[in-house]
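In: Give me the fold of what follows.
(one chain, ligands or ions: 1)
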Amino acid sequence: MKIASIQLEIKDSESKSARIDRVESMIDGLKGQDLIVLPETWATGYFSFDRYIDESEELNGDFVQRFSAKAKEVKSYIFAGSFIEKNNGKYYNTSVLFSPDGTLIGTYRKMHLFRYGSKEGQILTRGNETTVVDTEFGKVGLSTCYDLRFPELYRAEVDLGAELLLVTSAWPHRRLEHWKLFNSVRALENQCFLISSNCVGNTNDVLLAGHSQVVDPWGIVVAAGGDEETIIKTEIDPAQVAKIRDVFPNLKHRVLDRQEEFS
Ligand SMILES: NC(=O)CCC(=O)C(=O)O
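Out: Predicted coordinates:
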């Protein structure tokens, strides 16, 4: 399975439409990839909170239509990261996954809204549904940035069969070590591949971390970006998940009912 994670630079001077055009051109150069992954609210810019409402769109809006068309054109799964979704007077940080025929096969509204140096929690409504979708490469669980700090979300995805965890992010550089640790640990403890896409650049006085990761189910980082805009390309074997779960079955050793211990 060929993967490309686009680690995009967020420049405050760049408009949403110019950034979308730029990303579409990047994707045009990525023909032959099975999965392309993008960062969190990259079109508006995560830290551009004053643009959230004006740049919000409905789920059948331009953003979704363009990436549906792009997935069909390049014949790849595209996890287009997230955008600000408007729905019935509420706003969400919603990520979208398209199949190679352009079908929107997965949507996920960020469950854990970030509130530390972020206005996200004041503007947006949190999602309340875990999303795991079927693909030809196995079951894929969707998540967004701050979610990485909440292991129960990923365990819920694994309980729904997830083998591949996709993380769309806009994670600041000042907590880079947390970012790297969480990427590795969420993959390792859940015996899944984890593919993340983070932004880079200095936006609204926040330096973004980059270091997008591809981590295997043994917790090994197989590919990663640095501090600059780049496209991380690598190949993974999704069958490795079943193999590792078979030889080292820690997911089967969970103690799910602790009643006995406490009675
Ligand atoms: N965009 C985010 O959710 C940022 C999360 C973050 O910076 C952190 O958890 O630390």
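In: Please read off the pLDDT at S263 from the model.
Out: Each residue has a pLDDT score; the one for S263 is 62.
In: my bad, should have said Q259
Out: What the model reports for Q259 is a pLDDT of 72.
In: Please work out how many residues are found near it.
Out: 6 (other Cβ atoms under 10 Å). C-beta: built from backbone N, CA, C; applies to glycine.
In: and N93, which of the three is it?
Out: Put simply, N93 is strand when judged by DSSP: H, G, I helix; E, B strand; the rest coil.
In: Verify the stated contact: it with E120.
Out: Yes - between N93 and E120 there is a contact under Cβ atoms under 8 Å: 6.8 Å.
In: Next, show the common contact partners of the two.
Out: Jointly contacting N93 and E120 under the rule Cβ atoms under 8 Å, 6 or more residues apart in numbering are L113.
In: So for the two, which residue has more residues nearby?
Out: Neighbours per residue, other Cβ under 10 Å: of N93 and E120, the larger number sits with N93, 30 against 25.
In: For G219, see how far away that one is.
Out: Going from N93 to G219 by Cβ to Cβ, to the nearest Å gives 28 Å.
In: for E229, same thing?
Out: 27 Å.
In: Ok, N60 next?
Out: In terms of Cβ to Cβ, N60 sits 39 Å off from G219.
In: again, but for S184
Out: Distance of S184 to G219, computed by Cβ to Cβ: 5 Å.
In: can you check N183 too?
Out: N183 is 10 Å from G219, by Cβ to Cβ.
In: who has more neighbours, those two?
Out: Neighbour tally, N183 and G219, criterion other Cβ under 10 Å: the higher count belongs to N183, 27 against 16.
In: Up against the ligand, what does the stretch 151-263 of the chain have?
Out: Counting by Cβ under 6 Å from any ligand atom, the stretch 151-263 of the chain comes close to the ligand at 170-172, 175, 178.
In: what's the burial count for E85?
Out: Applying the criterion other Cβ under 10 Å, we find 24 residues in the vicinity of E85.
In: Show the contacting residues for E55.
Out: With contact set as Cβ under 8 Å, 6+ apart, E55 has these partners: 16, 43-44, 84.
In: Ranking by neighbours, what's the top pick from those residues?
Out: Neighbour counts for the contacts of E55 (other Cβ under 10 Å) peak at A43, which has 27 neighbours.
In: Tell me who's in contact with the residue lying closest to that one once chain neighbours are set aside.
Out: Of all residues not flanking A43 in the chain, K16 sits nearest, at 4.8 Å (Cβ to Cβ, 6 or more residues apart in numbering). The contact partners of K16, taken as Cβ under 8 Å, 6+ apart, are 43-44, 51, 55.
In: per-residue confidence for F67?
Out: Note on F67: pLDDT of 98.
In: So which bits of the strand or helix carrying E157 are buried?
Out: Under the criterion of DSSP states H and E, E157 resides in helix 151-159. Neighbour-count burial for helix 151-159, with 16 or more other Cβ atoms under 10 Å as criterion, is recorded at 153-155, 157-158.
In: Just the C-alpha atoms of it, please, in PDB.
Out: Presented in PDB, the C-alpha positions along helix 151-159 are these (Å, rounded to 0.1, in the frame of the first residue of the first chain):
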ATOM      1  CA  PRO A 151      -6.600   6.600  24.200                       C
ATOM      2  CA  GLU A 152     -10.200   5.500  24.700                       C
ATOM      3  CA  LEU A 153     -11.200   6.900  21.300                       C
ATOM      4  CA  TYR A 154      -8.600   4.700  19.600                       C
ATOM      5  CA  ARG A 155      -9.500   1.700  21.600                       C
ATOM      6  CA  ALA A 156     -13.200   2.200  20.600                       C
ATOM      7  CA  GLU A 157     -12.000   2.300  17.000                       C
ATOM      8  CA  VAL A 158     -10.100  -1.000  17.500                       C
ATOM      9  CA  ASP A 159     -13.200  -2.500  19.000                       C
END
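In: Any idea how far the helix or strand just after it is from the middle of the chain?
Out: Per DSSP H and E, the first helix or strand lying C-terminal to helix 151-159 is strand 164-168. On the basis of Cα atoms, centre = their mean, to the nearest Å, strand 164-168 sits 5 Å off its chain's mean C-alpha point.
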